[in-house]
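S.K.: how would this look folded up:
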Amino acid sequence: MARNSSPEAPLIPPRPTRIAAAETPKAALASPIVIAGVIVAALYFGREIFIPIAIAVLFSFVLGPLVDLLRRLRLGRIMAVAIAVATALGIVAALSTLIGVQVADLAGDVPRYRETIERKVEGLKGSAVGRATDYVANIGRAIHQAGSEGDAAGNKPAPSASGPEKPDEKAVLVEMRERPPGPIETAGTLLAPVIKPLATTGIVFVVLLFILMQKEDLRDRMIRLAGSSDLHRTTVAMDDAARRLSRYFVVQLALNAGFGVVIGAGLYLIGVPNPVLWGIFSALMRFVPYVGAFLSALFPLALAAAVDPGWNMAVATAILFVVLEPIVGHIIEPMLYGQSTGLSPFAVLVSALFWTWLWGPVGLLLSTPLTVCLVVLGRHVDRLEFLDVLFGDRPALTPVENFYQRILADDPEEVQEHADLILQECSLSAYYDEVVMRGLELAARDAARGVLTPEQKTAIRASVTELVAELSARSDETPEAPAAAAHRLVTGGERNAPACGREPITPAPGSLGEAWRREGAVLCVAGRGFVDGAAATILAQLLEKRGIGTRIVPFSDVARARIDAFDPGPARIACIISLAISGEPTHLRRLVERLRRRMPQVRIVAGLWQADDEILEDAARLAALGADENVISLRTTVEAVLAAIEAEPRALSSGRVAALSANGRSEPDRAPSDLAGA
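M.R.: All right, here's what the predicted structure looks like:
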């Protein structure tokens with residue numbers, strides 16, 4: 001009988017496991033796509049309902065601080081909400097009336113503006129621009145005429161064989177007259193353009209009224225949707241998100257309104273007609289990303305060119321926008337609410353295209369505020385974090401992950417650029433300790449899992465070695481004025497946690513003995529891990545910046561087969577660096593034993609640079625290593641060496657006093673010559 005050659009094949013086949021559709025990779029990918037498609041379809045086909053709701057939600061963030069202020073004045077919620085909504089409704093009605101009056105006035109002057117434009121066009125015909133335009137037009141007409149003559153010659157109909165054609169019969173003119181509209185039809189025609197905006201406005205303010213009245217209830221429902229397992233954290237996050245959005249929208253609305261007022265006043269002084277209309281239009285266009293500033297200046301410029309027979313008014317209008325927009329966008333906005341809206345430039349562009357396609361011009365106006373809401377929710381609610389990753393301006397990877405990705409990709413130039421950017425914010429030792437070392441820990445873990453190829457290990461070692469060499473001339477000092485881009489990078493990690501501390505490691509003591517300045521006073525012994533040598537090089541560089549003599553010892557020089565030939569030289573302390581993965585580091589204990597036998601008088605410091613290693617929490621296992629001191633990071637290793645340097649004079653002094661007491665003399669009894677000899 002043939003036997004099953006597979007040792008893992010069971011004699012009785014197991015019952016097939018039923019896998020839910022949502023657990024398969026295709027279903028896991030298809031489910032979010034289907035949900036996203038349903039949401040987009042609902043937003044598109046239900047835009048008549050969702051647009052007023054979205055506007056009401058944005059208005060609620062603007063009116064929320066006003067309602068809270070009225071509540072603090074001892075007004076009831078109903079009265080506070082009613083006053084706030086009535087105030088907003090009055091402002092909207094006043095602005096709508098102003099816009100209507102200004103548009104009607106502008107429409108009445110259109111014939112006069114047309115005459116001015118025709119005169120300017122006639123004046124341009126005699127200029128160089130007009131002659132060039134006529135030349136191009138004549139060429140186009142000649143080409144078109146030549147083509148028409150060729151078509152006429154080729155398509156000329158042949159004479160009919162049956163004789164001359166009969167003349168066409170005379171056409172009869174028929175006149176169609178519509179029935180005059182009645183009063184109801186006339187009223188419907190006149191009110192049709194007004195009914196829809198009025199209905200939308202009514203829906204907006206009704207929804208706004210209920211949002212402000214049911215604020216706490218809606219917040220509780222959002223908390224339930226976001227996750228109620230940690231009510232305190234979720235509540236704080238939602239309240240913080242609401243406060244941030246309210247502050248942002250109020251500041252943005254005030255800033256844009258101020259921009260519109262200044263534009264209107266400037267156009268009034270220049271003499272452009274209907275300055276109130278263009279001031280309101282400019283304020284609204286500033287909500288539109290990128291093209292808003294251009295659109296806000298386009299129509300006033302065209303009107304100035306149509307009104308003034310010359311070009312002075314148009315030039316003055318252009319100067320007004322060219323000067324005012326950069327001042328507001330690049331100076332005032334960063335002072336009021338930061339460098340940006342928190343959105344990446346690509347996200348701003350994509351959101352503008354998406355919402356414009358979905359909801360038209362209204363969607364273009366609402367694109368940035370709506371996307372800001374989504375990003376803020378993504379930063380405060382764990383389940384919506386993907387929104388922050390997709391649309392936020394913070395880096396998708398932490399600085400540690402960025403560093404590891406660059407050395408893994410074998411791109412030394414990008415590694416250096418990344419280091420230069422972070423070092424504008426952090427000190428060199430802090431960058432090494434909290435970015436580079438943690439990146440090397442990620443590499444050590446991947447190597448332990450067997451996912452790194454020999455070529456990748458070689459590339460990682462080469463990239464780190466080149467980086468350390470490039471940074472050798474940089475001082476270990478804290479930058480005084482960090483750059484804004486560096487600040488966004490180092491604070492762009494998880495939940496705004498800084499990438500590294502700005503304070504450097506403790507400086508060297510005021511005076512170093514000659515023994516500590518000699519090359520090899522501190523031995524930086526690398527463990528057997530493939531990145532331990534790079535870590536030992538970094539430690540040696542930081543010690544040398546403090547005037548301490550070092551020597552890098554590869555693991556091969558202190559291996560069992562070569563330890564007897566190892567020459568410790570003038571070593572006073574040996575620092576073992578190991579990024580070993582969790583487990584019993586037997587190789588490290590044996591390395592300590594070998595070094596102890598070879599140089600018993602040297603102090604040994606064992607560095608286990610794994611922040612979450614299990615052995616770091618087990619005092620018995622740490623003691624079993626046999627080292628004089630155990631350290632867990634680059635900072636603590638440097639500080640251990642500096643502490644040993646500072647403690648040595650005290651130890652020598654104590655030993656000298658003890659020796660003199662044994663001889664029956666105290667320190668003051670010794671002669672100066674004896675002290676000099678000592």
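
S.K.: list the contacts for Pro369?
M.R.: For Pro369, the contact set (Cβ atoms under 8 Å, 6 or more residues apart in numbering) comprises Leu58, Phe249, Gln252, Phe287. From N, CA and C alone the C-beta is placed, and that goes for glycine too.

S.K.: just the residues you listed: which are in helices?
M.R.: Of the positions in the contacts of Pro369, Leu58, Phe249, Gln252 sit in helices, assigned by DSSP state H.

S.K.: show me which of those are buried.
M.R.: Among the ones in helices among the contacts of Pro369, those that count as buried by neighbour count (16 or more other Cβ atoms under 10 Å) are Leu58, Phe249, Gln252.

S.K.: now render those as TSV, adding pLDDT and distance to Gln601.
M.R.: Below are those laid out as TSV (pLDDT from 0 to 100; distance: Cβ to Cβ, whole Å):
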residue	pLDDT	distance to Gln601
Leu58	87	74
Phe249	83	70
Gln252	84	70
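
S.K.: those into CSV, with extra columns for distance to Thr317?
M.R.: Output for these, formatted as CSV (distance: Cβ to Cβ, whole Å):
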residue, distance to Thr317
Leu58, 31
Phe249, 29
Gln252, 25
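
S.K.: re the thing from before, wait, which of the contacts of Pro369 is closest to Gly46?
M.R.: Leu58 (17.8 Å; Cβ to Cβ).

S.K.: so that closest one sits against Ser367, correct?
M.R.: No: between Leu58 and Ser367 there is no contact under Cβ atoms under 8 Å: 11.6 Å.

S.K.: list the contacts of Leu218.
M.R.: Residues near Leu218 by Cβ under 8 Å, 6+ apart: Ile211.

S.K.: any idea how far Val372 is from it?
M.R.: Computed as Cβ to Cβ, to the nearest Å, the Leu218 to Val372 distance reads 19 Å.

S.K.: cool, Val250 as well?
M.R.: With Cβ to Cβ as the criterion, Val250 and Val372 are 13 Å apart.

S.K.: so those two - more neighbours on which side?
M.R.: Each of Val250 and Val372 has its neighbours counted (other Cβ atoms under 10 Å); Val372 has more, 24 against 17.

S.K.: so the more buried one, which of the three states?
M.R.: helix (DSSP: H, G, I helix; E, B strand; the rest coil).

S.K.: please tell me the pLDDT value assigned to it.
M.R.: Note for Val372: predicted pLDDT of 82.

S.K.: next one: Ala485
M.R.: So, for Ala485, pLDDT stands at 46.

S.K.: what of Pro504?
M.R.: You'll see Pro504 listed with a pLDDT of 63.

S.K.: then the one 5 residues further on?
M.R.: Predicted confidence (pLDDT) at Pro509: the value is 60.

S.K.: and if you look at Asn312?
M.R.: At Asn312, the pLDDT value in this model is 86.

S.K.: how far away is it from Ala199?
M.R.: Counting by Cβ to Cβ, the gap from Asn312 to Ala199 is 45 Å.

S.K.: next one: Ile645
M.R.: Relative to Ala199, and taking Cβ to Cβ, Ile645 is found at 81 Å.

S.K.: just want to know which of the two has more residues nearby.
M.R.: Neighbour tally, Ile645 and Ala199, criterion other Cβ under 10 Å: the higher count belongs to Ile645, 22 against 12.

S.K.: hmm, that one is touching Trp516, no?
M.R.: Yes: taking Cβ under 8 Å as the definition, Ile645 is a contact partner of Trp516 at 5.8 Å.

S.K.: coming back round to it: any idea which of the ones in helices among the contacts of Pro369 is closest to Ile195?
M.R.: Of the ones in helices among the contacts of Pro369, the one sitting nearest to Ile195 (Cβ to Cβ) turns out to be Leu58, at 23.6 Å.

S.K.: what's near enough to touch the closest one?
M.R.: Counting by Cβ under 8 Å, 6+ apart, Leu58 has contacts Phe249, Leu366, Pro369, Leu370, Cys373.

S.K.: one more: Val375?
M.R.: Gly342, Leu343, Ala347, Leu387, Asp388, Phe391, Gly392.

S.K.: do you know how far the third one is from Trp355?
M.R.: Plainly put, Ala347 is 12 Å away from Trp355 if you go by Cβ to Cβ.

S.K.: returning to what we had before: nearest to Ile327 among the contacts of Leu58?
M.R.: Relative to Ile327, the closest of the contacts of Leu58 is Phe249; by Cβ to Cβ it sits at 21.7 Å.

S.K.: so how far is Gly64 from that closest one?
M.R.: Separation of Phe249 from Gly64 (Cβ to Cβ): 9 Å.

S.K.: repeat that for Leu421.
M.R.: Leu421 sits 38 Å away from Gly64, going by Cβ to Cβ.

S.K.: one more: Ala447?
M.R.: 53 Å.

S.K.: what does Thr317 give?
M.R.: Applying Cβ to Cβ to Thr317 and Gly64 gives a distance of 37 Å.

S.K.: which one's more surrounded, these two?
M.R.: Counted by other Cβ under 10 Å, Thr317 and Gly64 do not tie: Thr317 has more neighbours, with 25 against 21.

S.K.: what residues does the more buried one make contact with?
M.R.: Going by Cβ under 8 Å, 6+ apart, Thr317 touches Leu267, Ile270, Val272, Ala297, Pro300, Leu301, Ala304.

S.K.: how about Met313?
M.R.: Contact partners of Met313, counting by Cβ under 8 Å, 6+ apart, are Ile270, Gly271, Val272, Ala304, Ala305, Val307.

S.K.: quick one, helices of the stretch 1-150 of the chain?
M.R.: Assigned by DSSP state H, counting those that start in this stretch, the stretch 1-150 of the chain shows helices spanning 25-45, 47-72, 77-108, 110-125, 128-154.
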